[in-house]
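Undergrad: Requesting a structural model of the entry that follows:
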Amino acid sequence: MTAAQTRMKPKTQRLIMIGAAVAALIVAALLAMPALRQGAAYFYAPADLAAAEITPGQAIRLGGLVEEGSVARLPDGITMTFRVTDRLESVPVRYAGLVPDLFREGQGVIADGRMQPDGVFLADTLLAKHDENYMPPEVAEAVERAEAEAKARSAPAG
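TA: Numbers count the residues shown, from 1 in each chain. Predicted structure coming up:
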């Protein structure tokens with residue numbers, strides 16, 4: 001047999017290349033799925049936490065407003081505590097790290113972290129709002145939902 005006779009047809013070569021590319025994509029997706037699943041954090045407002053079945057140590061994203069009068073620094077000078085509220089419920093938060101410049105009481109905040117067995121949310125990162133008029137959409141929606149629920153609870157039954 002000569003080299004010309006053993007050469008594959010272009011159509012066969014294309015099919016092999018397409019098959020190899022599809023196989024590579026499948027392998028990449030299978031390798032990426034566990035990493036993405038571990039990094040996924042679900043967003044909760046304080047009122048949602050009461051109804052949710054959160055296991056201690058589970059990664060979640062807590063959002064709401066920094067409750068007025070709740071921010072305090074611990075004696076170590078690094079750790080701070082505050083409460084996140086949606087105006088219906090509030091959750092105590094502990095955070096050790098650099099605080100965003102725009103972090104302050106009464107403003108929107110999103111904290112990534114884990115709920116502790118004692119009911120305190122241990123935040124790994126804090127995200128503060130960008131300017132006076134901006135509130136993260138998730139926080140704004142959670143606050144509006146909580147305010148509507150609070151109004152419904154206080155309305156006289158008729």
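
Undergrad: Following element in sequence after the biggest helix by length in the chain, please.
TA: Across the chain, the helix with the greatest residue count (assigned by DSSP state H) is helix 10-39. Heading C-terminal from helix 10-39, the first helix or strand you meet, by DSSP states H and E, is strand 42-44.

Undergrad: roughly how far apart are the closest residue to E68 other than its chain neighbours and L74?
TA: Among residues not flanking E68 along the chain, E105 sits closest, at 4.9 Å (Cβ to Cβ, 6 or more residues apart in numbering). Where C-beta positions appear, they are placed from N, C-alpha and C, glycine not excepted. In this view, E105 and L74 are 17 Å apart by Cβ to Cβ, to the nearest Å.

Undergrad: which sections of the protein are below the confidence cut-off?
TA: 1-6, 35-41, 129-136, 138-139, 155-158 (pLDDT under 70).

Undergrad: Helices of that one, start to end?
TA: Assigned by DSSP H, the helices in the chain fall at 3-6, 10-39, 46-51, 137-154.

Undergrad: which of the residues in the third one are buried?
TA: Just to be clear, that refers to helix 46-51. Going by neighbour count (16 or more other Cβ atoms under 10 Å), the buried part of helix 46-51 is 46-49.

Undergrad: Tell me the one of the residues you listed nearest L122?
TA: L49 (13.7 Å; Cβ to Cβ).

Undergrad: Could you find the residue nearest the spatial middle of this structure?
TA: Nearest to the mean C-alpha position of the chain, by Cα atoms, centre = their mean, lies R61 at 3.5 Å.

Undergrad: My understanding was that it contacts D112; is that so?
TA: Yes - at 5.3 Å, R61 and D112 qualify as touching, with contact defined as Cβ atoms under 8 Å.
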